[in-house]
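Student: Below: sequence and its predicted model.
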Amino acid sequence: MPKIISFENVSKIYPNRSIALDSVSFDIEKGEFISLAGKSGAGKSTILKLLIAEEKPTKGRVVFSGIELNKISTREMPILRRRIGMVFQDYKLLTGKTAHENVAYAMEVAGMPDSDIKRDVAQVLELVGLSDRRNNFPTALSGGEKQRVAIARALVQRPEVMVADEPTGNLDPINTWEIIKLLMKINELGTTVILATHDKEIVDTLERRVIILDKGRVIKDEEKGKYIIT
Ligand SMILES: Nc1ncnc2c1ncn2[C@@H]1O[C@H](COP(=O)(O)OP(=O)(O)O)[C@@H](O)[C@H]1O
Ligand SMILES: [Mg+2]
């Protein structure tokens, strides 16, 4: 499979001088499901922020699908954000909108025809198993359901890569596993998935590629890896 993402000797030093990443290199191929593991502060979120160009590297290059993200202009940002869908630990749903409206919102802003919006939103809500919850506001949804709405909202843009930053951080074990299974299903349907987590059990159960970070360095990058902290 061709590579879709590469980090080439990437270092990130924040303005307060904290070294978040120290010469990090790896490639991700199209269609992979990869976990970024490591303790809090290891640099996982920084990698994801570089990938959606929310931050720029201090040194090195981040390349997505042939685009060097160091050089991306503000004008190109919305296109990048559609190609890389992202979900977070705290869901970031619009509280005044229903599940359906949360998913529809980006398509409405983009001026898509109502009939397309209706069709696509129904399709992704079905995929995440929330068709019967479509008219609920976030306050009436469980944590697991909120995360599924957030995933549907990212999916409706048909992203090439789905990035999840500690998506199960606020969930109980049953909902955690539901979300992980959903991410695996999305991966099986052809989307590259990058999961950042400090949860050893998830990484070990997945038996997929894992990159382990420690203090901003890659200390392990293995197929079917286990999250072993030495
Ligand atoms: N915006 C920021 N400004 C300054 N330091 C930051 C910022 N974001 C993260 N850091 C620091 O960079 C390091 C890596 O953080 P982060 O990428 O959030 O790690 P993780 O997601 O693995 O917990 C930590 O030491 C953190 O304090
Ligand atoms: Mg983080």
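Tutor: Ah, there it is. Ligands and ions are numbered 1, 2, ... in the order given.

Student: Find the helix or strand that Ala104 is a member of.
Tutor: helix 99-109 (DSSP states H and E).

Student: Only C-alpha atoms, please: export that helix in CSV.
Tutor: The C-alpha coordinates for helix 99-109 follow below in CSV (Å, rounded to 0.1, in the frame of the first residue of the first chain):
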residue,chain,number,x,y,z
ALA,A,99,-27.5,14.4,16.8
HIS,A,100,-28.7,14.8,13.2
GLU,A,101,-28.0,18.6,13.2
ASN,A,102,-24.5,18.1,14.6
VAL,A,103,-23.7,15.7,11.8
ALA,A,104,-25.4,17.9,9.2
TYR,A,105,-23.8,21.1,10.2
ALA,A,106,-20.6,21.0,8.3
MET,A,107,-22.5,20.0,5.1
GLU,A,108,-24.9,22.9,5.6
VAL,A,109,-22.0,25.4,6.0
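
Student: so after it, what's the next helix or strand?
Tutor: According to DSSP H and E, the helix or strand after helix 99-109 is helix 114-127.

Student: The residue nearest the centre of the chain: helix or strand, and which one exactly?
Tutor: In the chain, the centroid-proximal residue (CA atoms, centre = their mean) is Val163; its distance is 1.3 Å. Using DSSP H and E, Val163 sits within strand 161-165.

Student: Pairing partners for that strand, with directions?
Tutor: strand 84-88 (parallel), strand 192-197 (parallel) (DSSP bridges).

Student: The closest residue to Ile67 other than its chain neighbours - how many residues pack around it?
Tutor: In space, and not counting its chain neighbours, Ile67 is closest to Leu80: 7.4 Å by CB to CB, 6 or more residues apart in numbering. Backbone N, C-alpha and C define where each C-beta goes, glycine included. Leu80: 16 surrounding residues under other CB atoms under 10 Å.

Student: so how far is Ser65 from the spatially closest residue to Ile4 that is not a sequence neighbour?
Tutor: Sequence neighbours aside, Lys30 is the residue nearest to Ile4 in space, at 4.7 Å (criterion: CB to CB, 6+ apart). Plainly put, Lys30 is 9 Å away from Ser65 if you go by CB to CB, to the nearest Å.

Student: shared neighbours of the two, which are they?
Tutor: 4, 160 (CB atoms under 8 Å, 6 or more residues apart in numbering).

Student: Output the longest helix belonging to the chain.
Tutor: helix 173-188 (DSSP state H).

Student: List the buried residues in it.
Tutor: Counting neighbours by 16 or more other CB atoms under 10 Å, one finds that the buried residues in helix 173-188 are 175-180, 182-183, 186-187.

Student: cool, stretch 133-148 as well?
Tutor: Buried-residue list, stretch 133-148, by 16+ other CB under 10 Å: 133-134, 136, 138, 141, 143-148.

Student: Need the max-distance pair from those.
Tutor: Arg134 and Gly143 (17.9 Å; CB to CB).

Student: I'd like the distance between the residue located most distally from the centre of the chain and ligand 1.
Tutor: Residue distances from the centre of the chain (CA atoms, centre = their mean) peak at Ser115, which lies 27.9 Å from the mean C-alpha position. Using CB to the nearest ligand atom, to the nearest Å, Ser115 is found at 40 Å from ligand 1.
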